[in-house]
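> The following block contains a protein sequence and its predicted model.
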Amino acid sequence: MKEDKFEKEEVKEENSSENEEEVFTIDEDAGFTDTEKNLDKRISKDIIEVIDEKALEKGSENYTSENLTVLDGLDAVRIRPGMYIGSTSSTGLHHLVWEIVDNGIDEALAGFCDTINVSINRDGTITVSDNGRGIPVDKVTKTGLSGVETVFTVLHAGGKFGDNEGYKVSGGLHGVGASVVNALSSWLEVVVDKDGGEYFIRFENGGHIVKHLERVGNTTKHGTKVTFKPDPLIFTETTEFNFETIKNRLRQMAFLNKKVKINLTDFRVDPAKEESFYYEGGLKEYVHFLNKTSIPLVDDIFYCEGIQKFKDINEKEETIAVEVAMQYIDGDNTNNIYSFCNNVSTGNGGTHVEGFGLAMTRVLNNYARDNNVLKKNDKENFNSEDWKKGLTAIISIKHPNPQYEGQTKGKLGNPEVKKIVSNVLGQALGRYLEENKNKALLIMRKIYEAYERRLKIESYKKNLEKKNGLDLATLPGKLADCSSNNPEECELFIVEGNSAGGSAKLGRDPRIQAILPLRGKILNVQKAQEHKIMDNAEIGNMITAIGGGYGEKFDVSKIRYHKIVIMTDADVDGSHIRILLLTFFNRFMRPLIEKGYVYIAQPPLYKVEYKGKAYYAYSDEQLNVIRKQLNLKSGYPFQRYKGLGEMDPDQLEETTMNPEVRKMLRVTVDDAITADQIFNDLMGEDVAPRTEFIKDNAQFVKNLDI
Ligand code: TSJ
C-alpha cells in the first residue's frame, strides 16, 4: 500500500513541475523561416543554436542596430520562458503579474508612491498602476531608446539606468524585469504621466514595438500604468488569472511593505470584486493575522527594524534593511517562523534566519542568566528547540544583491546577512526585555518549561543508552522502554492498537515493562508475502526493540527482554495479529520460542462487581463459577470486555500485566509451528481454512504460566 502510493507520487512529480521546460518538443518539420516567424512553443535546443549561428553570421548587419539586439534578447525569453519565469503553467502566468507589481513596490520603497492598483480585466488583460514618478521618458544614452522603451525591451534593464538607481530591491526569485513580461505578452501598453505630459507606447506579439513613445496629452498627475495580455502561444495550459492567488499575494505584499496601499479589482464578475490592503504596522500586522486563531502569551507583538551598510567584494557600499516581528502563542508549535528576502518567501531559510537564531539564543540566555531565571546550577543554556516552541516570527530583509541556494533556490546564501540580522534583532530584543519586565518573565517561563522538558527527556534517553549500550536514535519512537538493564527481568509487551497501547503504558511497571504499540493491522495476513513482512515498518520496530537481529544472524544472547508478551484483543483481528507474530518469531527468531521467551497475555473476558470488589473471569465457565460462589441472582450485571481498549490502565495492570496476579500463556515450539501452518493457510487462496481459523482461533496456546 505505502509503496504504491509513493510510486504514484513520484510519477506525478515527474509529470509536473520538474520538467516543465521539456514540454517543448522537437518538430521535425519546422523549417527555419517558420521558426523565425513563430518563435513559440515548438522550438528545440538544436534550433536555438541554429538561430544563434545565423545571427552571428549576419553579425555586423544585425547587431549594429540596437533595435534588433533588443529583439534578439526578447526572443530568447520566448524560446525558453521557463528560464525566466520558472514555468509556463498557471504559476508562470501569475509571475508576470508579480513582476510588474514589483516595479510599483520599488517605487514605493524608494519613497515616491503610496498606492498600487491592480485590475483583472474582462478581456484577459491585467492593468497595474502606481502614483510614482513615472518611468523616465528621456532618451537613455546606452540604448538610444526612451527610458520606457528600454525598460520594456532590454533584458534586466529594470531601474538600472540613469544616475539615480533608487533603492531597487524587487526581483527576488524570478526578478527578471518588465521586458520579460513584454516578451511573453500578445500585447502590452504603457501610459506614463510625468512632468505635465501623458506618454503612451504599445508593443505587440512578444514585445515588437508598434509605436515609439509618444506624448499624447497633458496631465497634472504622475505615475505609471501598464496593461498586458499574456500570450496564449506561450501559456498553453491556461491564461486565466486566479483572483484568490492574486489577492493572497497582494495582501502578503501589503504586509511585507508597510504603508503601501494595494487595491485589487476583478472586472470579470458583475458587480466587480474589490479588495484593498493597507497595513500601517506591516510585519506586526502580519504576525497578528497569522496568530488570529491562537491564544497569545503576551498581548503585544515585538517589532524591530534596522538598516546597515556593508561593503561587497568590489568594495561597493550596499545597504541591507532588516525587519523582524514576533509573538508567542499557547502551545508547542515550532513551524511558525517565516522568512523573506526582497518580498520573496525563503522557504528554506538561510543566513537571515541563522542570524535571527543567533540573536534569539544569545539574548534570551543572557536575560535568563541576568535575571536568575536560569540559576547557577542550571548548567545548560536555552537552545533553539526551547525558544521556538509557540513562537510565530517573520524575518524580512531587503538586499540589493541576494544570492539563493539549494535546489529550489529557497535559501538565502549571502554571508554578510547573518551578522546584520543578529545585530539589529539582538539590540532591539535586549531592550524590549529590559523595558517590559512582566512580559519578559512570561516569555521566560514558557521557554524555561520547554527547557526543563527537554533536559528530562535527554537524561532519560542517556540513561537508557547507558544501560543498553545501544544507539537510541535507532530505537523506535513508539517504544516505551523500561528502565532496568537486566534482560532477565525485562518484559516487552507488543500491544495491538494505539489506545490499548496508551493504557498499557500507564498501567505498566516502567522499571521492567516496556510497551510497543502496533498499528491496528500490521499486514493483511492473507496477502502477506515473506519479503513484505521484513519491509513492514511495525515488524522493523519490533526487531529493533528486541535487539538480537533476525534470521540466521539472530543472537538470543543480545536480546533486551526475556519475556516477549503478545497482547491482542480476543477477536478475529487480534488472532490474525497473533498468528502473524508467532509465524514471524517461528521463522526469524526461533531461539526465542525454543527458550520459552514468548508469551500470550490473557486479558479477562468478564468483570463482575460485587460489594465493592471486582472479580475477573477468563472464560464462560469461570464466570459461572464466580456467580455461584458469590450467590448472585440471575440477571446480576457483569461487564464483557470486547477489546483491550475498553480497559482503563488500572484494570489492565491489575488483570493482565501485574506479574503477581496475571495469567499468561507460554508459547511452545509446537504452538509456533501450528501458527505457521495456519499462517500459510491464511495466505492461500482457499477460503475454507480461513473460515476454520475464525471459528477456533486460540487452539495453539495451552501451557499456563504465571
Ligand atoms: F505600475 C507598475 F507597477 F505597473 C509599474 C511601475 C510597472 C513598471 C514596469 C514600472 C513602474 C515604475 C517605475 N513606477 N515608477 C517607476 N519609476 C522609475 O522607473 C523611475 C522614475 C524616476 C527615476 C529618476 O531617477 O528620476 C528613476 C526611476 C527608476
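The structure has been received and is ready for your questions. Residues are numbered from 1 along each chain as shown.
> and the residue lying closest to L433 once chain neighbours are set aside, what element?
The spatial neighbour of L433 that comes closest, neighbours along the chain excluded (CB to CB, 6 or more residues apart in numbering), is A440 at 4.2 Å. No exception for glycine: its C-beta is placed from N, CA and C like everyone else's. Using DSSP states H and E, A440 sits in helix 437-468.
> Check which helices and strands the helix or strand following that helix sits against.
Per DSSP H and E, the first helix or strand lying C-terminal to helix 437-468 is strand 491-496. Secondary-structure packing of strand 491-496 (3 or more CB pairs under 8 Å, 6 or more residues apart in numbering; DSSP states H and E): helix 498-507, strand 513-518, helix 537-546, strand 563-567, helix 572-588.
> Give me the contact status of the helix or strand hosting I262 with the ligand.
In this assignment (DSSP H and E), I262 forms part of strand 261-266. No. Under the criterion of CB under 6 Å from any ligand atom, the ligand is not reached by strand 261-266; the shortest gap measures 10.4 Å.
> coming back round to it: what distance separates the helix holding A440 from the centre of its chain?
Put simply, helix 437-468 sits 26 Å off its chain's centre (CA atoms, centre = their mean, to the nearest Å).
> Packing partners of it?
So helix 437-468, by 3+ CB pairs under 8 Å, 6+ apart, packs with strand 317-328, helix 351-370, helix 384-388, helix 416-435.
> what about 7 Å?
Here helix 437-468 touches helix 351-370, helix 384-388, going by 3 or more CB pairs under 7 Å, 6 or more residues apart in numbering; DSSP states H and E.
> now T143: how far from the ligand?
Going from T143 to the ligand by CB to the nearest ligand atom, to the nearest Å gives 14 Å.
> before we move on, what about Y451?
Counting by CB to the nearest ligand atom, the gap from Y451 to the ligand is 48 Å.
> cool, G357 as well?
In terms of CB to the nearest ligand atom, G357 sits 35 Å off from the ligand.
> what about that residue, neighbour count?
Here the number of neighbours of G357 (other CB atoms under 10 Å) works out to 21.
> same check, this time on E274
11.
> How about Y606?
Applying other CB under 10 Å, we find 18 residues neighbouring Y606.
> got the residues of the stretch 1-150 of the chain near the ligand?
Checking the stretch 1-150 of the chain against the ligand by CB under 6 Å from any ligand atom, the hits are 100-101, 103-104, 107, 128-130, 132-133, 135-136.
> Weed out the non-buried ones from the residues you listed.
For these, a burial check counting by 16 or more other CB atoms under 10 Å picks out 100-101, 103-104, 107, 128-130, 132-133, 135-136.
> just to revisit the earlier point, counting contacts, what elements does the strand holding I262 pack onto?
strand 115-120, helix 243-256, strand 273-277.
> List, one by one, the residues from the chain near the ligand.
100-101, 103-104, 107, 128-130, 132-133, 135-136, 151, 159, 162, 164, 166, 178, 224, 226.
> So which of the helices and strands packed on strand 491-496 is nearest F356?
Of all the helices and strands packed on strand 491-496, it is helix 537-546 that lies closest to F356, at 36.1 Å by CB to CB.
> Next, report how far that closest one is displaced from the centre of its chain.
Distance, centroid of helix 537-546 to centroid of chain: 28 Å (CA atoms, centre = their mean).
> tilt between that helix and strand 491-496?
Between the axes of helix 537-546 and strand 491-496, defined by axes from the mean of the first three to the mean of the last three CA atoms, to 10 degrees, the angle is 170 degrees.
> Give the buried residues for helix 537-546.
By 16+ other CB under 10 Å, the buried positions in helix 537-546 come out as 538-539, 541-546.
> coming back round to it: spatially, which two of the buried ones among the residues of the stretch 1-150 of the chain next to the ligand are the most separated?
Maximum pairwise distance among those (CB to CB): 19.7 Å, between V101 and P136.
> which other helices and strands contact the helix or strand where Y303 lies?
Per DSSP H and E, Y303 falls inside strand 302-311. Applying 3+ CB pairs under 7 Å, 6+ apart, one finds that strand 302-311 makes contact with strand 317-328, helix 416-435.
> Go through the ones you listed and pick out the most buried.
When these are scored by mean count of other CB atoms under 10 Å, the highest mean neighbour count falls to strand 317-328 (a mean of 21).
> Now do that one against strand 302-311, angle only.
Going by the same axes, to 10 degrees, strand 317-328 makes 160 degrees with strand 302-311.
> Quick check: mean pLDDT of the helix holding A440?
Averaged across helix 437-468, pLDDT comes to 83.
> Next, the buried residues of it.
Buried residues in helix 437-468, counted by 16+ other CB under 10 Å: 439-441, 443-444, 446-448, 450-451, 454, 464, 467.
> Same check on stretch 401-418?
Using 16+ other CB under 10 Å as the test for burial, stretch 401-418 gives 402, 404, 409-412, 414, 416-418.
> now, which of these sits nearest the ligand?
Closest approach between the buried residues of stretch 401-418 and the ligand, by CB to the nearest ligand atom: P402, at 19.3 Å.
> one step back: please tell me how far the residue nearest to L433 sits from P476.
40 Å (CB to CB, to the nearest Å).
> For the stretch 501-650 of the chain, which residue gets nearest to the ligand?
A537 (52.4 Å).
> Distance from stretch 349-360 to the middle of the chain?
With CA atoms, centre = their mean, you get 19 Å for stretch 349-360.
> residues in contact with it?
324, 337, 339, 341, 384, 387, 395, 397, 411-415, 417-422, 425-426, 429 (CB atoms under 7 Å, 6 or more residues apart in numbering).
> Over to stretch 475-488?
Residues external to stretch 475-488 that are found in contact with it (CB under 7 Å, 6+ apart): 463-464, 467-468, 490, 505, 510-517, 541, 544-545, 559-562.
> quick one: terminal-to-terminal distance for it?
Stretch 475-488 has an end-to-end distance of 20 Å (CA to CA, to the nearest Å).
> Buried residues in it, which are they?
Neighbour-count burial for stretch 475-488, counted by 16+ other CB under 10 Å, picks out 475-476, 478-482, 484, 487.
> One more: stretch 208-224?
Those would be 209, 213, 219, 222-224, for stretch 208-224 by 16+ other CB under 10 Å.
> Assumed P591 was part of a strand.
No. Per DSSP: H, G, I helix; E, B strand; the rest coil, P591 lies outside any strand segment and is helix.
> Need the per-residue pLDDT for K553.
K553 is given a pLDDT of 85.
> Could you do the one 5 residues further on as well?
Reading off the confidence values, K558 has pLDDT 91.
> Leaving out chain neighbours, which residue sits closest to it?
In space, and not counting its chain neighbours, K558 is closest to G548: 4.3 Å by CB to CB, 6+ apart.
> And for G281?
K258 (6.3 Å).
> So that neighbour is in contact with Y279, correct?
Yes. Between K258 and Y279 there is a contact under CB atoms under 7 Å: 5.6 Å.
> The stretch 601-706 of the chain: helices as residue ranges?
Secondary structure of the stretch 601-706 of the chain, counting by DSSP state H, counting those that start in this stretch: helices at 620-629, 649-652, 669-683, 688-695.
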